[in-house]
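J.: Let me see the structure of the following:
(chains A and B)
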Amino acid sequence: MSSTPDTKDPVIVGPDVIIDPEMCKGCNLCTYVCPTGVLLISESLNHLGFHPAEYTGEGCTGCGVCFYACPEPGAITVYKPPRKPKKQKEEV
Amino acid sequence: MNTVNEQVVLKWPESLYSEFERKPGEEKRATHYCPGCSHGVIHKLIAEAMDDFGIRDRTIFVSPVGCSVFGYYYFDCGNFQAAHGRAPAVATGAKRSRPDSIVISYQGDGDLAAIGTNNILHAANRGENITVFFVNNAIYGMTGGQMAPTTLEGQKTSTSPTGRDTSLTGKPLHMSELLATLDAPVYIERVAITDAKHILAARKAVRKALQTQIDRKGFTFVEILSTCPVGWKMDPQEAKGWLEENMMKVFPLGVFKDQVKETEPLPVPVTPIPAEEVPEILFKGMSAFERTGEPDWGDVPERYREPKIKVAGFGGQGILFLGALLSNVALRKNFHVTWLPAYGPESRGGTANCNVVISTRPVAAPLITEPEVVMAFNGPSMDRFEPLVEPGGVLMYNSSLVSQEPVRDDIENVAVPATGLAVELGDGKVANLIMLGAYLSHTGMFTEEDVNEALNAVIKYKEMLELDRKAVARGFQYIRESQ
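T.: Below you'll find the model as predicted:
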């Protein structure tokens, strides 16, 4: 898992989405499901020959829908908003 | 899903390999699936559930034939890849021999609903405590978009280019509804991989099915309507729309059976029979033999040693038994032996043959294509196998039934009127033993006593023993007299 971000990295605090452009096949499913429309398809090509999805850098709510819509295991990582310690029940 | 300081991260599930080492080619981090394929999403949902339930170490994933044939590239757990449509049978075996495991049968519609229909029906009907994920994309994706049993009426595929004609090929098969008519399954639901709402509903169904299996409540089945953008000749977004507008009408989403709550956990299965008890069960009543020393050919001429033997004739002539008995004799003399019968309808009257290899070393290949010894009991066997005898080899033939003369002159041809001699002894059936006696006498490989010892051990009907011994002796005698 060299190119996906280390989840213990204290720098990344949700909500955030990290897209690894080299694992994306440009299928567009994430850009369509994103409720806030902050994902789009890049003009550049990746090493697989696809136009990968990318994050505009602002507005991600960490809802995680793009993660589940993405068919590649490692292309999208979503950091949900930090939760208050009391809440134990996970919500997606 | 990981929780670090209340920070929930949705990331690459640990139940999928972090690098796909088994996948050929340079690209080890991307799947082999086409862009927009639902398989990747479903893999992710299953792997995430495996992580969350902590079952990865005891999960056995059975891949089908189809695009997901390479499940073992991705799932970091136990893996099988089953023959086309047979995943439920393989899963049954896995579950029964390892009752603590969590067994997943992952199948497409070409696999599960066509060639494997009987397998899934019976696994469901038996209520096997396994989980089946049925990925239905209404087409044969891997092989190039052919019509499947689930293809919609009028849907164009490479084998229904003008659209599926249901007057010729029937209507789309509704597997969830069909299985829901059975008593045994406890949970059957149909979900779809399209938008956020449906994907999250699919996630819930995947988790419920696996949890039900973990709770030992029985057979669970989740049908997942999926897109095949390439097979459907659409872009992933169009495919999603097509699924929602067309497939969901024919295959309505919903729960078709849910008896999870009211079902009591299945009893803990009886421990499978320990491996060490198997020989006792299989070979009960047969006198066991143990290797008592090293095999030794002794005075047997070089050309007769380490034989590869093909015995052939009509079904019913005792062809397979001859091979088995010879194997037994050799085993008792500490040799390494394989006996490979050619089973088939021939065992009811057509032609039958078996392969026997006897060696001082372990035998690597039990199948013989170039026999050094052929025993032909009838004309057709002679026709078929005489040409295959290795130069310098031995052809023994039953001259009572084989009317033609051997044509080869680079091999030893030994005519034995086995059937005739057997009839003289009172029963034509023992021609096989006469031939065996003749072969052993001709080659000097083993003695009459060696055969009798083996006969005592293997003959079930002791009243036949006397005649069998006489037949073996007659074979030995025939060769002695004719030399």
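
J.: dump the residue contacts of residue 82.
T.: Reading this off chain A. Counting by CB atoms under 8 Å, 6 or more residues apart in numbering or on different chains, A:Pro82 touches A:13-14, B:5-7. Placement of C-beta: from N, CA and C, glycine included.

J.: Let me rephrase: I mean chain B.
T.: B:62-65, B:89-91, B:105.

J.: For these, give me CSV that also has neighbour count, pLDDT and distance to B:Ser167.
T.: Formatted as CSV, these follow (neighbours: other CB atoms under 10 Å in any protein chain shown; pLDDT from 0 to 100; distance: CB to CB, whole Å):
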residue, neighbour count, pLDDT, distance to B:Ser167
B:Val62, 28, 98, 36
B:Ser63, 24, 97, 35
B:Pro64, 28, 96, 30
B:Val65, 21, 94, 29
B:Ala89, 20, 97, 33
B:Val90, 22, 98, 36
B:Ala91, 28, 98, 36
B:Ser105, 33, 98, 33
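
J.: ok, of the contacts of A:Pro82, which come out buried?
T.: A:14, B:7 (16 or more other CB atoms under 10 Å in any protein chain shown).

J.: Return the closest of the contacts of A:Pro82 with respect to B:Gly318.
T.: B:Gly318 lies nearest to B:Gln7 out of the contacts of A:Pro82, by CB to CB, at 75.4 Å.

J.: Can you tell me the closest non-neighbouring residue to that closest one?
T.: Spatial nearest neighbour of B:Gln7, chain neighbours left out: A:Pro82 (5.3 Å); criterion: CB to CB, 6 or more residues apart in numbering or on different chains.

J.: which residue ranges form the helices in the stretch 101-250 of chain B?
T.: Shown for the stretch 101-250 of chain B, the helices assigned by DSSP state H, counting those that start in this stretch span residues B:109-110, B:117-126, B:166-169, B:175-180, B:196-214, B:229-232, B:236-242, B:248-250.

J.: The second one - contacts with which helices or strands?
T.: In terms of contacts (3 or more CB pairs under 8 Å, 6 or more residues apart in numbering or on different chains; DSSP states H and E), helix B:117-126 is packed against helix B:87-97, strand B:131-136, helix B:175-180.

J.: Mind checking the ones you listed for the one nearest to chain A?
T.: Nearest to chain A among the helices and strands packed on helix B:117-126 is strand B:131-136; the distance by CB to the nearest CB comes to 12.4 Å.

J.: Spell out, range by range, the strands that occur in the stretch 201-350 of chain B.
T.: Ranges of strands within the stretch 201-350 of chain B are B:220-225, B:254-258, B:308-314, B:336-342, based on DSSP state E, counting those that start in this stretch.

J.: no wait, chain A
T.: Secondary structure of chain A (DSSP state E): strands at A:16-19, A:39-41, A:53-55, A:76-79.

J.: And the stretch 1-150 of chain B, by the same measure?
T.: With strands called from DSSP E, counting those that start in this stretch, the stretch 1-150 of chain B shows them at B:2-4, B:7-10, B:59-63, B:78-81, B:102-108, B:131-136.

J.: Mean neighbour count, those strands: which tops it?
T.: With neighbours defined as mean count of other CB atoms under 10 Å in any protein chain shown, the strands of the stretch 1-150 of chain B peak in mean count at strand B:102-108, which reaches a mean of 29.

J.: between that strand and helix B:87-97, how big is the angle?
T.: Here strand B:102-108 runs at an angle of 180 degrees relative to helix B:87-97 (axes from the mean of the first three to the mean of the last three CA atoms, to 10 degrees).

J.: got the residue ranges for the helices in the stretch 251-400 of chain B?
T.: B:278-282, B:319-332, B:379-385.

J.: Give me the most central residue, chain B.
T.: Of all residues in chain B, the one closest to the mean position by CA atoms, centre = their mean is B:Ala83, 7.3 Å from it.

J.: Please report the distance of it from A:Phe50.
T.: Distance from B:Ala83 to A:Phe50, counting by CB to CB, to the nearest Å: 34 Å.

J.: Flag the shaky bits of the chain, pLDDT-wise.
T.: Because you didn't say which chain, this covers chain A. Confidence mapping of chain A against pLDDT under 70 gives the ranges A:1-10, A:84-92.

J.: Wait, chain B was what I had in mind.
T.: Per-residue confidence for chain B (pLDDT under 70) gives these ranges: B:1-5, B:271, B:284-289, B:343-350.

J.: again, only using 50
T.: Residue ranges of chain B with pLDDT under 50: B:3-4.

J.: I'd assumed B:Gln477 was in a helix, is it?
T.: Yes: assigned with DSSP: H, G, I helix; E, B strand; the rest coil, B:Gln477 falls within a helix.
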